[in-house]
Structures are given as structure tokens and as C-alpha cells.
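In: Here you go, sequence then predicted model.
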Amino acid sequence: MAKTGKVAVIGVGNLLLKDEGVGIHVVRELQKNGMPERVKILDGGLGGIGLLDFFQEASKVLLVDAADMNLKTGAVVRFTPDEVRGRSLSRPRFSSHDLDLLDVLELARELKRCPAEMVIIGIQPGEISWGTGLTPEVQASVPRAIEMILKEIGSEASLRS
Amino acid sequence: MKSIHINVDHVTRVEGHGNIVVNVREGKIEECQWEVVEAPRFFEAFVRGRSYLELAHITSRICGICSIGHTLASLQATEAALGVKISEQTRLLRRILIQGENLQSHVLHAYFLAAPDFVGAPSVFPLVKTHPDVVLRALRLKKLANDLCDVFGGRTVHPITPTVNGFTKLPEIKGIKAIRQRLGEATPDLEATLELFKTLKIPDFHRETEYISLKAKEEYALYDGVVASTDAGTTPKENYRNWTNEYLVPQSTAKYTRNVRDSYMVGALARFNNNHDQLSPRAKKVAEELGLKAPCYNPFMNTVVQVVEAVHAVDESIRLIDELLDKGLKEEDRKILLKAGKGVGAVDVPRGILFHEYTYDKNGICLEANCIIPTNQNHANIQKDMEALLPQILDRPQEEIRLSMEMLVRAYDPCISCSTHLLKVEFV
């Protein structure tokens, strides 16, 4: 896809499973900042095929999600899809709901719906169990994730305190 | 003399859990079972004690695909119990919503669940590589339907705005007009869908059975009407229990139903057999091109009728939205007077006719609920179809028999977790 200069920052996660919802917490916090016109902040919900619609106009997409990277709780890492080992889209699966974020990105690639630049901001979760709210270490990672996102946007954004 | 042992544990590409068991010893069929193994849901139990304003929200969670259908059947039942007559505007908005749901569900089933069998793929994901245009088209049509449901119901799944005697928030005209435009632009995608389904080879199997659906004077009934049977004429929806006659069987956690014969079928094919004359002109033409003629006794054609109904859904949505835009929308008073009562709602959702019945006390608290789901009405018919199909294909290779049985189940587009009520029974 040609570079349009438009950016979409999409948080994905489940708010009912504590740290699993960190992606949503991050974009909600981010939305409090002023953003230039070319940047859209989106709540991607639980992810899935619906994310493909969000990829439509943006030439750069930033996905924010809880990611088990085998790191310390609250670690924030910026990476791209080709830097991680994915599973084949055609693998046997128990259900067609069994689609993770990397699957969706591969789907986007196959369907030529992939933005020119795709970046993932992964946050190592601590607790994934029933409940709302983040554990302290993950809560503390939110400002760091936002800082990383603003850097990625190449932000002319003004930070409203 | 052949021995065959087929044990499909949890059929794929259906909603919910069911098994196919076939045992043939030296040419003699010993076992041919459709086993429903889904855990019970207990909805009818836990809505007792809930307020009349909550029932639709709770029961919409029976299903993620037909949550609109459950919502509307639930609201109908509550309104019938409380003696509420809804306005023409509310009726119009609900009828648009249910067309959106039909379109969404049928596209999902026809493209993602059924079609892979016909092109030799295990699921839709390999088709992404081999048929990307087809997958994109399916996603486009599904998105159109989802967005329609979002505009009119406040949310794609589990609608928020429909409530007792109206809508908590009316859809915005700007959003309605945008959907109207996209519906008009869907023609190339619908034509491509027709062309694709024309190429699929539908198995040639026929078993005459009873077909039950709604019937209405003024339109191809989805939202409201009387209950119609190809064997037994019509009956008011309040009489549904005398036609459904639920009963238990050991191999199923869902009940079976029967009316005039041992089993009956509900769903798109049943609606077609009862009401095909009322399809939109374009849908009728699509039916003709797909080789559909009423009465049709081939359950595999259910998916084909879904394609016809998807076209009809687009045409109906356009017709109803144009009517709505012409009349305009106005805020309405939703106030009602509470009273004790009992009422029945009946809606024909993508998979067939759905009944909700509630009893309320004078404070609008639910005392009792009964839900009869389309798929649980189909289980007996699936079983009978399997028993009839198996002897006809016994001479084929085992893998082909297995695939045919799976395709038969898939043709019904069963929503199994909607359909279970009962505790699991140990089957020996």
C-alpha cells in the first residue's frame, strides 16, 4: 500500500481479563492527548478479522496489545511481525475463533490489505484472570508505551497535561 | 461386504458441538447417530426473577450470530405478555434489523462454513491464498450487514437500542443514508456470489418432510406472522407448543421436536417452501438460476436458499429503508403499564423459526420462560436425513461417506449451543 502519511494506532485486548486489556487502556489514555489529523486512535476490541477494516486508509499501523514475550511483567517492546515466529494460517485449529494477532496480520498480507508499515507495541502481562483494572507493574508501563507510540508517530502532537 | 467406522468428534464448521457416529458391520448399518453433546445453557432458568426490561438483553446472549433474532423474539414475547402494541415505526425498524441479521448470517455460513467443502478446502483460511477475491467479497458483504445492524441496533452483536415498546436511541439519518447507498452498490458482489454458487455441485438427495416457518400476508415473513406448515396449514404463534412437542432422546443434550411426521425442518429451505412467492423479483430470479423450485426436499439446498435470501435481504432492506426515509423518524413515548401476563414471540431467524414465551407477575418480574430454538427443532430431521442418506452412499469410500455426512449437518447451518437445554446424558 502506498504511503499516505496516515497513521492508525489500534489497541486490542479484553478489558475483563485484567492485564489482557492493557492495549485498550493505553489507547484510552492516548486519546486524552491532542493528535494531528492524520493520526487515528482506535479501540480494536478483541481483534480478529474486523481489524482489516481499520487497516484501510493508514499506511502505518501501530498495534498495542498484551504479549507474552517471556520478559519481566510490564516490559514494553516495539517489534514488527517479521521479527517474531508466527504459526501458519492454514494450521489445524480448534475453531475459526482461534485467530491471534499474527494470524490477522498474515491474513492482511495475503489479502493485500496490509499497511506499508506495521509495528506492534507489546506489553508483558502479569495477570490474566477475571477482573478489570491492571496490575501495578503493567499500570506503570502505560506511560512508557505511550512515549514509544508518540515517537513512532513522529509526533507533532501536543501533550495536554 | 463392507465395514465402516466413522466417528466425527465435534463436527467442524458448525456453531457448537455435535458428533457423527456411523458403524456399519459387513454391509449392515448398526449405528447412525447425530449426537448433540453441547453443554446446557440454563437461560430459561436464570431469567426467572429478572425484570421485563432485562429479558431481551439477557436472551440475546443465547447467540452471537442471531442475537438480533433472540432480542426481537424476546421483546415480542414481553410485549405480548404486557399487552403492548408497538408503533409502525418500531415495527419498521425491527424488520430492517432482522434483514441485516439474515444477510450477515447467511454470508458467514455460505462463504465461510459451507463453501470450503465444495472447493475441497478444510476451512476458509487456505482459500485466502487460492481465492483471495472470494474471501474479500465475503468480508465486504458481512461488513455491510454488520454495519447495518450497528446503525439500527446500536451494536453489531447483542443490539443495545431495541427495547420494550421501541428504541432507546433512534438510528441517525446520516448513518441510514450511508447504509442505503452501500446496499445499492452491493449488486456486483451479489452477482459474483450467484456466479460462484452456480458452480458448486450440490449433492442430489431428497427426503420429503414437514417444513415449518412463519407466514405473513404482506411480506416474506421474518419478523412476525402465523406459524405455517407444508403439512398442516397455519396456526397462531400462541399455539406453538402443540406444534413443537419437545421430547428427550438419549443421544442428545438438546430436545427433539415433531409435529405431523417424525420430524420437521425449519430454516431457509422451510421458508422457501412456504413463502417463495413473496421473495423479491431479483431473489426469485437468483433462485431460478440456482435451480431452486418449490417444493424442494433436498436439505443440501438450504445453503443455496440462504444465498437467495441474502439477495432478498438486500432488496428488502432497501425497500424498508426507503419507506423509513420517506416517512422520517420521530421520537416516541415508550411508556407502558405493567400487568401480569403471559406472551409468545415468534421470529424466523437465519436458522429457522424461534419461539420465546414468558410469564410475568404484576411488577414485570419474569416467573417463567420457554425458548424453542430453530436448531433444536432441526435435530430430529438431521437424524432422519442421516438415516436416509447413509444407505444411499454405502458403496462409496469411507472418507467420502464421512464428508457427505458432515456436509449434510453443515447444510442445516446448525447453531448447536443455542439449542441445548438439558443435562448431558451418558450414552452407552
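Out: Yep, it's here. All of these numbers come straight from a predicted model, not from anything done at the bench.
In: give me the low-pLDDT residue ranges for chain B?
Out: B:1, B:417-428 (pLDDT under 70).
In: check contacts around the residue nearest to the spatial centre of it.
Out: In chain B, the C-alpha nearest the mean C-alpha coordinate belongs to residue B:351, at 1.7 Å (C-alpha atoms, centre = their mean). Under the criterion of C-beta atoms under 8 Å, 6 or more residues apart in numbering or on different chains, the neighbours of residue B:351 are B:66, B:105, B:266-267, B:374-375, B:378, B:412-415, B:418. For glycine as for every other residue, the C-beta is placed from the backbone atoms N, C-alpha and C.
In: So which of those residues wins on neighbours?
Out: Of those, residue B:378 is surrounded by the most neighbours, 32 neighbours in total, counting by other C-beta atoms under 10 Å in any protein chain shown.
In: hang on, the earlier thing: want to throw the contacts of residue B:351 into CSV with distance to chain A and secondary structure?
Out: As requested, the contacts of residue B:351 are arranged in CSV below (distance: C-beta to the nearest C-beta, whole Å; DSSP: H, G, I helix; E, B strand; the rest coil):
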residue, distance to chain A, secondary structure
B:66, 17, coil
B:105, 15, helix
B:266, 25, coil
B:267, 21, coil
B:374, 21, helix
B:375, 18, helix
B:378, 21, helix
B:412, 18, coil
B:413, 14, coil
B:414, 15, coil
B:415, 14, strand
B:418, 16, helix
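In: Now residue B:361: closest residue in space, sequence neighbours ignored.
Out: Taking C-beta to C-beta, 6 or more residues apart in numbering or on different chains, and ignoring the residues beside it in sequence, residue B:361 has residue B:340 as its nearest neighbour in space, at 5.2 Å.
In: what does the stretch 51-200 of chain B have sitting close to chain A?
Out: When proximity is defined by C-beta under 8 Å from any C-beta of the partner chain, the stretch 51-200 of chain B lies next to chain A at B:112, B:122-126, B:128-129, B:132, B:135-136, B:139, B:143.
In: Please list the members of those residues that lie in helices.
Out: Counting by DSSP state H, those place B:125-126, B:128-129, B:132, B:135-136, B:139, B:143 in helices.
In: Start and end of stretch B:111-124, how far apart?
Out: Length of stretch B:111-124, first residue to last, C-alpha to C-alpha, to the nearest Å: 8 Å.
In: Would you mind listing which of the residues of the stretch 51-200 of chain B next to chain A are buried?
Out: Neighbour-count burial within these applies to B:112, B:123-126, B:128, B:135-136, B:139, B:143; the criterion is 16 or more other C-beta atoms under 10 Å in any protein chain shown.
In: what's the most distant pair in those residues?
Out: Within those, two members stand farthest from each other by C-beta to C-beta: B:126 and B:143, at 21.8 Å.
In: Just after the helix or strand where residue B:385 lies, pick out the following helix or strand.
Out: For residue B:385, the element it lies in under DSSP states H and E is helix B:374-393. Moving toward the C-terminus from helix B:374-393, the first helix or strand encountered (DSSP H and E) is helix B:398-411.
In: May I see the buried residues of that next one?
Out: By neighbour count, and taking 16+ other C-beta under 10 Å as the criterion, the buried residues in helix B:398-411 are B:401-411.
In: now swap in stretch B:232-248 and tell me
Out: The neighbour-count check on stretch B:232-248 (16+ other C-beta under 10 Å) flags B:235, B:237-238, B:240, B:243-244, B:246 as buried.
In: just stretch B:143-156 next, same as before
Out: Counting neighbours by 16+ other C-beta under 10 Å, one finds that the buried residues in stretch B:143-156 are B:143-154, B:156.
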